[in-house]
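Asks: all I have is the shape, not the residue letters:
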């Protein structure tokens, strides 16, 4: 959601910025712009894709070795050239780009208007620019000090970068609730919202925390708090490499990431899962296991696809470890004034580790003195740093906006966590644990079996590309998979889809069934199989079209359904790792056939860093 890049060094800044903005396209955006310092300050910004901006610069290139760039996801004011970033001070001396939301921008704008300032855009960002101007004018402070003082008056979230033609050897950045990373090169520095625009140039990075500000020069950088307390920051080494954030011959990142799931799950288990005791070792959670094992209740907070993974985790932890679990939408958690008890534990899940609503849930739990643990994919992210302990997915970068491999990696981590808790609580015998471990270790190869049938799923997609509505139904741990399948279809193909527990169909959704409504059933051969077959019969009786995902042998289900997609058999609690794969592929192929932008679906952002 929005993207910031910055550069200071000896390269042409515009080349680095455009390249970096292209790397950040997956975050979701509707306009792009750059500001370059070259004796003066020159700004170019355009509604639309980075390519539009790049074409504009190709005809009239901006020279300069210091600059900032931005991709905007509209929050205040529609997507257009005027509302695009960067925004420039009235005197043209400095330019600013901003991620996040200034919540008190209305009152700030009214006050600044009374003092004679005018505004050309509808954005909250321009208000911040005018506020910095006003502080400089009224105090005579340097730009850096004026920014710091202005930020003390701001309510909300921000990640900002600022350059000025008054000082061609200075790049300023600050963050609160919106991620920023500094890439450290040899006499050059790269700023990014995440690692994607940086990894091509350096693997050494510095992570900014909330309430921190950095001033970067070609000779080095200084970090301090917005209260002007100097900080000594650690330089980290990125785990990702350039090849991981490129398509590798696939048409789309989403397809690449679907196909990577056998290896991403192996990475999520490597060095953690063993055929013999202790069976599971989650290094990042070792010191937390006693607290989790003895918790009266585990509350899992997440958003979107991560919330669906959390629902599967609820089945896993309750069934294996016998600890009560509640799954909460992170976006609602703090606003309902939740009751947390002394012996509760909170687990938060986020692919990016920067999801604003999930971070708010972390703060709420911490404010009530409850331990918080994290599951995320991005090393060095805010959730990774601010939680008491946690586990990385090690799934590799996920560029496609619609999450795929992160979902299965999250479920894999939750399965291992459930096993570790079961071992400590003695709720499973060694034989049961060894069997479950064997089933889990077999999943990557079984996923590959499903991926090998992708062509047949593509053929099914040809038939349903023009459907207007879909219904997804599942029971037990495959009910969350029904939700996830529906979400994937909505996200990338723009077809209306809903997921329900299969038994709930007759309590309302059955009214929608007709021959134009495809219904996707997840019908694994488990304790609820006969019940799901009855639900399929109910749909067929109303002329509904049924697509079934099953591990059942050919037979009655084939007679009932228009299409049957088979997956290997596994433990019922692990079946979501297999049943979700055909649904990911079905959504992908339908979206491609409909001509949709699969990796960058409209109105969506990969990392949702605003509420």
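Replies: Now that the structure is in, tell me what you want to look at. All figures in this text were calculated on a predicted structure; none of them were measured in a lab.

Asks: just checking, residue 487 touches residue 499?
Replies: Yes. Between residue 487 and residue 499 a contact is recorded at 7.4 Å, counting by C-beta atoms under 8 Å. For glycine as for every other residue, the C-beta is placed from the backbone atoms N, C-alpha and C.

Asks: now do the helices in the stretch 501-611 of the chain.
Replies: 529-540, 556-560, 576-593 (DSSP state H, counting those that start in this stretch).

Asks: identify the single longest strand in this structure, thanks.
Replies: Ranked by residue count and defined by DSSP state E, the top strand of the chain is strand 167-176.

Asks: partners of it, with directions?
Replies: Neighbouring strands of strand 167-176 in its sheet, by DSSP bridges, are strand 158-164 (antiparallel), strand 212-217 (antiparallel).

Asks: next one: residue 366 relative to residue 372, how far apart?
Replies: 6 Å (C-beta to C-beta, to the nearest Å).

Asks: show me which of the two is the more surrounded one.
Replies: residue 372 (23 against 15; other C-beta atoms under 10 Å).

Asks: state the phi and psi torsions of that one.
Replies: phi -130, psi 130 (degrees, to the nearest 10).

Asks: contact partners for it?
Replies: Counting by C-beta atoms under 8 Å, 6 or more residues apart in numbering, residue 372 makes contact with 345-348, 362, 365-366, 387-388.

Asks: so which of those residues wins on neighbours?
Replies: Of all the contacts of residue 372, the highest neighbour tally under other C-beta under 10 Å goes to residue 348, namely 31 neighbours.

Asks: and the helix or strand hosting it, what does it pack onto?
Replies: Using DSSP states H and E, residue 348 falls within strand 344-350. If you count contacts as 3 or more C-beta pairs under 8 Å, 6 or more residues apart in numbering; DSSP states H and E, strand 344-350 packs onto strand 297-302, helix 304-321, helix 356-367, strand 372-376.

Asks: what average pLDDT does the longest strand of the chain get?
Replies: The average pLDDT within strand 167-176 is 95.

Asks: got the buried residues for that strand?
Replies: 167-168, 170-176 (16 or more other C-beta atoms under 10 Å).

Asks: what's the farthest-apart pair in those?
Replies: Greatest spacing in the buried residues of strand 167-176, by C-beta to C-beta: 168 and 176 (27.1 Å).

Asks: and residue 370, how far from residue 357?
Replies: Look at residue 370 and residue 357: by C-beta to C-beta, they are 18 Å apart.

Asks: of these two, who's got more company?
Replies: Using other C-beta under 10 Å as the criterion, residue 370 and residue 357 rank with residue 357 on top: 23 against 19.

Asks: touching, the more buried one and residue 331? I think so.
Replies: Yes. With contacts counted by C-beta under 8 Å, residue 357 reaches residue 331, the gap being 4.0 Å.

Asks: closest one to residue 453 among the helices and strands packed on strand 344-350?
Replies: Closest approach to residue 453 among those is made by helix 304-321 (22.6 Å; C-beta to C-beta).

Asks: so for the helix or strand just after the closest one, what gets flagged as buried?
Replies: The C-terminal neighbour of helix 304-321 among helices and strands, as given by DSSP H and E, is strand 325-329. By 16+ other C-beta under 10 Å, the buried positions in strand 325-329 come out as 325, 327-329.

Asks: residue 216: which of those is nearest?
Replies: Taking the buried residues of strand 325-329 together and measuring to residue 216 by C-beta to C-beta, the closest member is residue 329, at 38.0 Å.

Asks: tell me the contacts of the closest one?
Replies: If a contact means C-beta under 8 Å, 6+ apart, then residue 329 has 301-303, 307, 357 as its contacts.

Asks: bridging across strands, which residues link to it?
Replies: Applying DSSP bridges to residue 329 gives these bridge partners: residue 302.

Asks: from residue 97, how far off is it?
Replies: Relative to residue 97, residue 329 is positioned 31 Å away (C-beta to C-beta).

Asks: still on that earlier bit, out of the helices and strands packed on strand 344-350, nearest to residue 526?
Replies: That would be helix 304-321 among these, by C-beta to C-beta, at 11.9 Å.

Asks: so for the closest one, what's the average pLDDT?
Replies: 97.

Asks: and if you look at stretch 137-153?
Replies: 95.

Asks: ditto for stretch 208-228
Replies: Mean predicted confidence for stretch 208-228 is 94.

Asks: before we move on, what about stretch 71-89?
Replies: Across stretch 71-89, pLDDT averages out at 89.

Asks: pLDDT below threshold where in the stretch 501-611 of the chain?
Replies: Residue ranges of the stretch 501-611 of the chain with pLDDT under 70: 605-611.

Asks: what about residue 383, is that helix, strand or coil?
Replies: Secondary structure of residue 383, reduced to three states by DSSP: H, G, I helix; E, B strand; the rest coil: helix.
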